Structures are given as structure tokens and as C-alpha cells.
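> Here is a sequence together with a model predicted from it:
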Amino acid sequence: MNSEERTGYEVELRCPVESVYLGQILHNLDVEITLVQSVPVAPIPIPYFYVRGPDVSEVDDLLDSHDQISNFELLSERPKERLYQCSWTPTQDGLVSTVRDCDGIVRKMRGTTEGWTTSIFFATHELATGFYERCRDRDHDIEILRVQRGDLDGNSSPNRGLSTKQLEAVRLAYEQGYFETPTETTLTKLAANFDISEQALSQRLRRATRRMVQSLVDDVVDEELGENSSSD
């Protein structure tokens with residue numbers, strides 16, 4: 001697989017506890033659940049996960065009585081922490097099935113009593129868009145936190161950390177020549193496209209620019225540290 005084939009889009013979203021089959025544990029126990037690593041959702045979705053918290057000793061009973069879990073195995077155990085592997089049958093048209101149907105790869109997933117925060121990789125923009133449309137058609141209660149370019153290694157482009165609104169604002173400003181010298185458009189004209197005030201758009205662009213610059217600075221620092229450590 002070349003670098004172009006590994007590059008795609010990462011969608012980060014938030015959804016309610018009950019959206020994922022392990023939500024029953026979060027409803028009943030004082031724990032949090034974390035996906036161990038990037039695992040393709042098909043053919044066996046999300047088989048490895050950590051459970052952490054004061055109620056971990058009660059997790060086995062809930063897994064054993066769960067109607068979607070055919071079997072599970074406790075792989076390791078520490079005080080207030082357990083690592084499990086399980087086999088289960090996803091709900092037809094459920095959230096995880098929707099990810100699988102759109103060829104998504106779950107890179108990160110963390111569940112608490114507040115809900116699930118999930119990061120999903122899609123190879124193309126069309127697949128990411130198709131996932132959102134299917135979620136809407138299937139009435140999945142999701143909140144898109146951000147969409148960004150990235151790759152399977154977890155590296156993101158300089159727009160990482162930008163919200164969808166910030167990314168849209170930066171893209172339109174760039175396309176209409178706002179960053180050219182002299183400028184080819186005004187904040188007033190750009191703001192009209194988003195139905196917000198000139199001041200609100202200015203703040204949005206400033207926050208987006210700050211995040212992109214910080215991202216680039218972090219990358220440069222990481223590269224310099226890596227070069228220094230290798231030379232040592």
C-alpha cells in the first residue's frame with residue numbers, strides 16, 4: 001500500500017451510551033471503556049477493549065448476560081483495569097454496522113457515562129460523506145466533532161483539530177482570495193456566506209489559523225527531536 005492509498009479522512013464523533021453494544025456496561029457500572037487499537041470494523045468488530053474503574057470486578061457478569069455477546073475472554077487483569085476480547089453480533093443498521101457498511105476503520109473509541117467519543121478512518125471523502133448520510137437515514141444520534149485529512153498511521157494534515165465550521169471558513173477564504181496580497185475579497189462578503197457577523201468570522205479564522213500554525217510547529221519540533229535522538 002503506497003502513501004496515497006493510506007491517506008484518507010478521519011471523522012471524530014460523539015454519540016450516546018446506548019449507541020454501542022457495550023453501553024449496557026456504562027449504564028450500570030462506574031467504569032470507562034477504551035478500544036485498544038485501530039481495528040477494521042469487519043469482519044469482527046471491535047474485539048479488544050479495556051475496562052477501567054472501581055466496578056471492573058462486575059463486568060464479567062454483564063458480559064455473560066449480554067444478548068449480543070456470544071463469548072468473551074479476560075486477557076489481563078490489574079486493580080481497576082481489565083482487558084477483554086469478545087465475539088458479538090452487531091445490530092443490523094446499528095452504528096457499528098454503519099461504519100462497517102461504509103468501509104470505515106475505528107481508530108479510537110472511548111466510552112464513559114457521558115457517551116462515546118469515536119474516531120473513524122475512511123479512505124475517501126465519498127465514503128466519509130456516505131457514512132454521514134447513512135447515519136442520518138438510520139436516525140443515529142451522532143454529533144460530528146471534526147473531519148480532517150489523515151492516514152492509517154495516525155498522522156494528520158495541518159488542519160487537524162479544526163472544527164467543520166473552521167475548516168469551511170478557511171477553505172472559502174482561501175478559494176475567494178482572502179489571503180492574497182492585495183486581498184481579493186472582504187470579511188463582510190465571506191461572512192455573508194455563513195450568515196454570521198464579520199467579527200464572528202474573523203474570530204473563527206484566527207482560531208483556525210492558530211491551530212494550524214500550532215500543528216505545524218509541533219510537527220517541526222517532533223522531527224527535530226527525532227533527528228537529535230537518532231544522531232545521539
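That came through, no problem.
> Tell me the bridge partners for the residue sitting nearest the centre point of the chain.
Among the residues of the chain, residue 119 comes closest to the average C-alpha position under CA atoms, centre = their mean, at 1.9 Å. Applying DSSP bridges to residue 119 gives these bridge partners: residue 12, residue 108.
> That one touches residue 12, doesn't it?
Yes: the criterion here is CB atoms under 8 Å, and residue 119 meets it with residue 12 at 4.9 Å. Quick note: C-beta positions are derived from backbone N, CA and C, even for glycine.
> So what's the residue count around residue 206?
Residue 206 is flanked by 11 other residues according to other CB atoms under 10 Å.
> I meant to write residue 107 there.
Residue 107, neighbours per other CB under 10 Å, totals 19.
> Next one, pLDDT for it please.
Per-residue pLDDT puts residue 107 at 83.
> ok, now residue 176?
Residue 176 carries a pLDDT value of 90.
> From residue 110, how far out is it?
38 Å (CB to CB, to the nearest Å).
> So which residues of the protein form strands?
Using DSSP state E, the strands of the chain run over residues 7-15, 32-35, 39-40, 48-52, 69-78, 81-88, 105-112, 115-122, 143-151.
> which one of these lies closest to residue 168?
strand 143-151 (10.0 Å; CB to CB).
> List the buried residues in the closest one.
Counting neighbours by 16 or more other CB atoms under 10 Å, one finds that the buried residues in strand 143-151 are 146, 147, 148, 149, 150, 151.
> what's the answer for stretch 178-189, then?
Buried residues in stretch 178-189, counting neighbours by 16+ other CB under 10 Å, are found at 178, 187.
> With stretch 54-71 instead?
By neighbour count on 16+ other CB under 10 Å, the buried set for stretch 54-71 is 56, 59, 62, 63, 66, 69.
> Nearest spatial neighbour of residue 28, chain-adjacent residues omitted?
Residue nearest to residue 28 in three dimensions, not counting chain neighbours: residue 62, with 6.3 Å by CB to CB, 6 or more residues apart in numbering.
> Next: residue 168.
Computed as CB to CB, 6+ apart, the closest residue to residue 168 that is not its neighbour in sequence is residue 194, at 7.6 Å.
> quick one: low-confidence parts of this structure?
1-6, 37-47, 151-161, 213-232 (pLDDT under 70).
> measure the residue of the chain most remote from its centre to residue 9 for me?
Within the chain, the residue lying farthest from the chain centre (CA atoms, centre = their mean) is residue 182, at 37.9 Å. Here the criterion is CB to CB. By it, residue 182 lies 34 Å from residue 9.
> Ok, residue 61 next?
Going from residue 61 to residue 9 by CB to CB gives 39 Å.
> Residue 35: what's it in contact with?
46, 48, 49, 106, 108, 109, 110 (CB atoms under 8 Å, 6 or more residues apart in numbering).
> Just the buried residues of the residues you listed.
Neighbour-count burial (16+ other CB under 10 Å) applied to the contacts of residue 35 gives 46, 49, 106, 108, 109.
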